[in-house]
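Engineer: Generate a structure from the sequence data that follows.
(one chain, ligands or ions: 1)
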Amino acid sequence: MTKRVYALMTSIICLLYASAGLADQPRPWETDLQAAATPIMHQIRWFEHYTLWFIVPVTLFVLALLVIVVVRFRASANPVASRVSHNSAIEIGWTLAPIVILFAIALPSFNLLNNQLEMPKADLTLKATATQWQWNYEYEGAAQPVAFDSYLLKDADRAAAGKEDRSAYPRLLAVDNEMVVPIDKTVRLLVTAAPTDVIHAFAMPAFGIKIDAVPGRLNETWFKAEREGLYYGQCSELCGKDHAFMPIAIRVVPEDKYRTWLAQAATDLPGAYKTLIASSSGPPGSPGHSDARGKVALAATMTESMPTTGLAE
Ligand SMILES: [Cu+2]
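Structural biologist: Sure thing, here's the model as predicted:
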């Protein structure tokens, strides 16, 4: 019985997972997590499935006990109630079993937490600064300062930006300037909010990242993207009236294209995106016919009075 129910659940999960394909963005009627694109997200997915092996049997076991009590010990079938009030074996059992289960869940959970917090040696460092209501991305250690704002892509701007394909650039998730990172590189991500702003949160489901952006405080996390493509996330801390309109988009590209983009982005951001998209071989979510708009701002003016990180690449 337990096995059949679990098999059914697994097959439903597999079906939903398969239909999502290389989904790097939310889909209508999606009930599962997005497909993993970083080692941490793979671990999160593993841990999720692992905990199901406890949750499903425990839930079914409790349900079975309830059904037995309701049917066998109902007043009409069992008019004289048992007066037994104590059973040492059962009491020891129901104390020890949860302890064992909690340990079995806690140990891999601490392991996952440790892997999230213990940063491997970073290949590059990025700073994301949240403001009401956009993100600013700053590339630390670049030969020339590269920093720019990333705003929600408005429908009216789609044509000019060459982002009319709504499957690749979904409404309310697409942005004018994506964060661009190289594939298979460890990215150290510093997250904060502008000094006079409110708390935001940088969240990227496919990467397994969600971290608060707090004014005056520098939080850090990391990711190592395994697949090329466009990934979408959103600000995940209620931050004000336009909270729903400050999406996060990350474009994962091969390292050589990243380097070309970075070099050009310092002086000509729209041109850098144009070159990048034109050279893309067309993995899901990055059509090769696109253009991008944006504006370059010097790191100094964009992150005025932010704490300096002093980090080198
Ligand atoms: Cu926000």
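Engineer: Can you tell me how far the spatially closest residue to residue 155 that is not a sequence neighbour is from residue 200?
Structural biologist: Leaving out its chain neighbours, the residue that sits closest to residue 155 by C-beta to C-beta, 6 or more residues apart in numbering is residue 171, at 6.8 Å. For glycine as for every other residue, the C-beta is placed from the backbone atoms N, C-alpha and C. Separation of residue 171 from residue 200 (C-beta to C-beta, to the nearest Å): 21 Å.
Engineer: Show the contacting residues for the most centrally placed residue in the chain.
Structural biologist: The centroid of the chain falls nearest to residue 205 when counting by C-alpha atoms, centre = their mean (2.1 Å). Taking C-beta atoms under 8 Å, 6 or more residues apart in numbering, we find residue 205 in contact with 26, 33, 34, 233.
Engineer: ok, residue 171 and residue 200, which is more surrounded?
Structural biologist: Using other C-beta atoms under 10 Å as the criterion, residue 171 and residue 200 rank with residue 200 on top: 29 against 12.
Engineer: Would you mind measuring from that one to residue 174?
Structural biologist: 19 Å.
Engineer: any idea which helix or strand carries the closest residue to the ion within the stretch 1-150 of the chain?
Structural biologist: Closest approach of the stretch 1-150 of the chain to the ion (C-beta to the ion) occurs at residue 130, with a separation of 5.5 Å. Counting by DSSP states H and E, the element that carries residue 130 is strand 124-131.
Engineer: Can you get me the start-to-end distance on stretch 202-210?
Structural biologist: 6 Å (C-alpha to C-alpha, to the nearest Å).
Engineer: any bit of it sitting next to the ion?
Structural biologist: No. Stretch 202-210 does not reach the ion (C-beta under 5 Å from the ion); its nearest approach is 9.1 Å.
Engineer: What residues of that stretch count as buried?
Structural biologist: Across stretch 202-210, burial judged by 16 or more other C-beta atoms under 10 Å covers 202, 203, 204, 205, 206, 207, 208, 209.
Engineer: Then stretch 274-283?
Structural biologist: 274, 275, 276, 277, 280, 283.
Engineer: Filter the buried residues of stretch 202-210 down to the ones in strands?
Structural biologist: With DSSP state E as the criterion, strands contain 202, 203, 204, 209 from among these.
Engineer: so what's the residue of the stretch 51-200 of the chain found nearest the ion bridging to?
Structural biologist: Nearest residue of the stretch 51-200 of the chain to the ion (C-beta to the ion) works out as residue 200 at 3.3 Å. Residues in a beta bridge with residue 200, per DSSP bridges, are residue 213.
Engineer: That one against residue 211, yeah?
Structural biologist: No. With contact defined as C-beta atoms under 8 Å, residue 200 does not count as touching residue 211 (10.1 Å).
Engineer: Any chance you could list what contacts stretch 89-103?
Structural biologist: Contacts for stretch 89-103 (C-beta under 8 Å, 6+ apart): 54, 58.
Engineer: can you rerun that using 7 Å?
Structural biologist: residue 54 (C-beta atoms under 7 Å, 6 or more residues apart in numbering).
Engineer: average model confidence for it?
Structural biologist: The average pLDDT within stretch 89-103 is 96.
Engineer: Kindly report the same for stretch 265-276.
Structural biologist: 91.
Engineer: List the buried residues in that stretch.
Structural biologist: Buried residues in stretch 265-276, counting neighbours by 16+ other C-beta under 10 Å, are found at 265, 266, 269, 270, 271, 272, 273, 274, 275, 276.
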